[in-house]
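In: Let's see this in three dimensions:
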Amino acid sequence: MLPTERNWDKIRVCNSDDLKVPQDQRKCETTELSPYYNEVRISIQYWDTPIYEAWIAQILLSELLDIPTSIEANDPNIHMNFYNPENNFEEGSQWDGEAVPYGEWEHLGRGGELGDCTLANRNPEKYEPCSNFVPELWTYGNTLKDMRAEQLIDAPQVLGAQGNEGWFIPKFTAVQDFSLLTYLGMQNEENRRKLAETFLRPTNWKDYCEIFSNNNCTGGVSQRYPQDEDESKRFFVKGLYDGHFSEFDENECISNTCTGHIVDYPCNWGGFVVPQTHHLNISLESKGNEPSGGYEIDQMREIWRAANATRSNVIMIFFSLDSIFEEFIGTDYEFMKVSLPLPTQECYDARISIKDRCSDKIGERRGDKLGVCDSVSTTLKQLVVSKLRNEQSSSAIKSPAFDALTNFQLSELQITQIQKNIRTRSSEREAICQWVVDNFAVVSAFIPRTFPRTLVPVEGYKYLALHIFTVIFSSLAAVAVVLTGVLVYIFRDKQSVKRAQTDFLYLLLVGLLLVCTGSIINSANTGKQTTNSCMASVWLITLGNTLELVPILVKVAAVIKLMNAAKKLQRITLVRSNLFKTVFAICVIAIVYLSLWTGLDPIQRTDEFFIQGSKTLQGKTIVNVAYYCNTKSKSPVWYNITLVWRAVLLFVATILSVQMRGVRKDFDESTALTVLIYSHCGFLLVIFVITYLKESLDSELLDYSRSIVYTLDALAAVAIYFVPKFLPSKDKWDENNFGQES
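Out: Purely as a prediction, here's the structure:
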């Protein structure tokens, strides 16, 4: 914000327009939560008060709530962000809505469809206007009602101010003739001359210099000749052109066709001057350069200022809350409303449409005589697109934009105060900034409860005792596997160990150690996971399971082959190197798969957010974030395949274990291997259940559960298959029954 009397060192959050500026030149920052908040784009429409309201809302969102916020002007060449270093002031463009679904509300319709307006095309050649919030709404027409039915926008919210539209004359004119304050003092032929003589035609700068000036515009009313086309159309330029009102042919009442001059809106703005003057028999007409005889809004303001500068009479249709109203409060040119027939529903229903107002057929512009009543006071509203409601699945990081904007309210007095600030300050932005400072309590009241928030990584653990237990349990299991390896070496000459083949036993133990290590990494990093830790855990557990199960499969298949040969009294030779090659080949398949997964679509960690009620010294509510492995990448198929892979290995092992029932009973490994395979199947089933229930389980509990199950699986394998080999054996083994090794 600009320097003010209040100490304010807060740096605003960056918006999409800031991305066009080199990073070292940006006067903004990205906060911890701003990446989770969609940018809010606010429409400034095409008159001044929505601009002031939009700027206040932009300050509220950008500086107090850390929400990226930008301004939509319906024109790629109009840049009206409050933070624009050019300090320009331009009203928005009225979008030509003839060829688009939502007409002049196309920007709001697109915002309702996209939610995030940064997705709209900003290329000037293919520009797509887009907004999420309209701060000031006067009329809730059928197009908006259709958009509401399509759930693109929410129901209109009350802005808090009342707006009035109608005919106005200055107090200067009313003092001279009170009858002009009502349409009754203007009606019929007896008032024609009065209106023609009172309300003369305003003259633009160029016409004055070419038609009325007697000194070539070198002093007096005009200090110089207009320098370009834009200046030529001006009706008042402070210090350069005071304006001029003169009698034209229409004001001369030689016949009963003379008329006074009323300043009318552009035809696409609304207003009902043509049907009102015609059907009420009031001798007034507008002679502007618009196709319907109206004037541009800026020209209308200039005409009122010209009347004040030249002490001339003027009558125009206009609307309250415009800055020019405040400009003349307490002066001779204060706006005084002219009374027209009382409004009724029948009158409103009979009024002409925008299309009729802009018609080149006078009959269509005049409309029905029933539609000539005055306008009722309008409770101004605002519109918010519905998608701002549900931007995030977690309530802890849900954007406060929707609630803040629906809380946003300004009264007529506050808007008038803003306009007064603008007149007394060097620029509109400085005036808005100062108003926010002076009314900081008012603006702060729009902030939803428990906001603003800041993101802080969780320091401890939700289940500290469980965390400690799981890490220690997995670590002890790893130690147990290592000790088992030591015992295998010590008892390498024991018959039960030799029969099991120490090389295969070491392969199994390496696999179990990898599983335990993966469980340790998973449990130790719970709440603080990274993509690397998630993938490391998956690699270790998948490879560990493969390295443990595949040697069992190869060994069981070899035993069955050997036993079947023995039954047939056949002599076969089992080449150990071939068995190891098979194990290695299957492990390579697993490694290739894991490499592809890691390279193409690695697991993305899950961010879990929660609020514990604590706040920072600056008063921000702390949102704690913990990071978990969600077992999902862009495609969940990757993780599911690892489970299917293990299931397939166990399925094959189970079939082989059934076939082993026919081998010799004195082959004491058959029972142990069968129980081991069934044990693995049981633990895999538990893993499947946990995976199926993951959406309903706490993420931290989910990580701990997996680690505990994998650790128990490894310990069970040690207890079932290895421990019995170190116990005193009563059975004697005849190696000759099983052929020769090579």
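In: ok now the biggest helix by length in the chain, how far from the chain's centre?
Out: As assigned by DSSP state H, the longest helix anywhere in the chain is helix 531-567. Relative to the centre of its chain, helix 531-567 is centred 48 Å away, using C-alpha atoms, centre = their mean, to the nearest Å.
In: In that helix, which residues are buried?
Out: For helix 531-567, the neighbour count (16 or more other C-beta atoms under 10 Å) marks 533-560, 562-563, 565-566 as buried. To be clear about C-beta, it is placed using only N, CA and C from the backbone, and glycine gets the same treatment.
In: Then stretch 487-506?
Out: 487-488, 494, 496-497, 500-501, 504-505.
In: Mind giving me the packing neighbours of the longest helix of the chain?
Out: helix 502-524, strand 573-574, helix 576-600, strand 621-629, helix 637-659, helix 669-692 (3 or more C-beta pairs under 8 Å, 6 or more residues apart in numbering; DSSP states H and E).
In: looking at these, which is closest to C358?
Out: Nearest to C358, of all these, is strand 621-629, at 51.7 Å by C-beta to C-beta.
In: So Q157 is in contact with T406, correct?
Out: Yes. Counting by C-beta atoms under 8 Å, Q157 does reach T406; the two are 5.0 Å apart.
In: which of these two has more neighbours?
Out: For Q157 and T406, the more surrounded residue by other C-beta atoms under 10 Å is T406, and the numbers stand at 19 against 16.
In: A strand includes that one, no?
Out: No. The assignment for T406 (DSSP: H, G, I helix; E, B strand; the rest coil) gives helix, which keeps it out of a strand.
In: Hmm, it is touching V384, no?
Out: Yes. If you go by C-beta under 8 Å, T406 and V384 touch, sitting 6.2 Å apart.
In: Give me the common contacts of these two.
Out: Common neighbours of T406 and V384, counting by C-beta atoms under 8 Å, 6 or more residues apart in numbering, are 154, 157.
In: Can you give the distance of stretch 475-489 from its chain's centre?
Out: Relative to its chain's centre, stretch 475-489 lies at 53 Å (C-alpha atoms, centre = their mean).
In: What residues sit buried inside it?
Out: When burial is assessed from 16+ other C-beta under 10 Å, stretch 475-489 yields the following buried residues: 475, 477-478, 480-481, 484-485, 487-488.
In: what do you get for stretch 63-77?
Out: For stretch 63-77, by 16+ other C-beta under 10 Å, it's 63-76.
In: Which members of the buried residues of stretch 475-489 are positioned in helices?
Out: Using DSSP H, the buried residues of stretch 475-489 in helices are 475, 477-478, 480-481, 484-485, 487-488.
In: what's the spacing between the closest residue to M316 other than its chain neighbours and G293?
Out: Closest residue in space to M316, ignoring its immediate chain neighbours: V263 at 3.4 Å, by C-beta to C-beta, 6 or more residues apart in numbering. Distance of V263 to G293, given as C-beta to C-beta, to the nearest Å: 10 Å.
In: who touches the residue nearest to M316 in this structure?
Out: Contacts of V263 by C-beta under 8 Å, 6+ apart are 202, 286, 288, 295, 300, 303, 314-317.
In: For burial, what's the neighbour tally of Q417?
Out: Q417: 16 surrounding residues under other C-beta under 10 Å.
In: ignore the last one, P724
Out: Counted with other C-beta under 10 Å, the neighbours of P724 add up to 14.
In: Can you work out which residues contact both of Q157 and T406?
Out: By the contact definition C-beta under 8 Å, 6+ apart, Q157 and T406 are jointly contacted by V384.
In: what phi and what psi does the backbone show at the nearest residue to S320 once chain neighbours are set aside?
Out: By the measure of C-beta to C-beta, 6+ apart, the closest residue to S320 outside its immediate chain neighbours is N164, 4.3 Å from it. Backbone geometry at N164, expressed as degrees, to the nearest 10, gives phi -130, psi 140.
In: N164 reaches K337, doesn't it?
Out: Yes. With contact defined as C-beta under 8 Å, N164 reaches K337; the gap is 6.9 Å.
In: Right, I'll leave it there.
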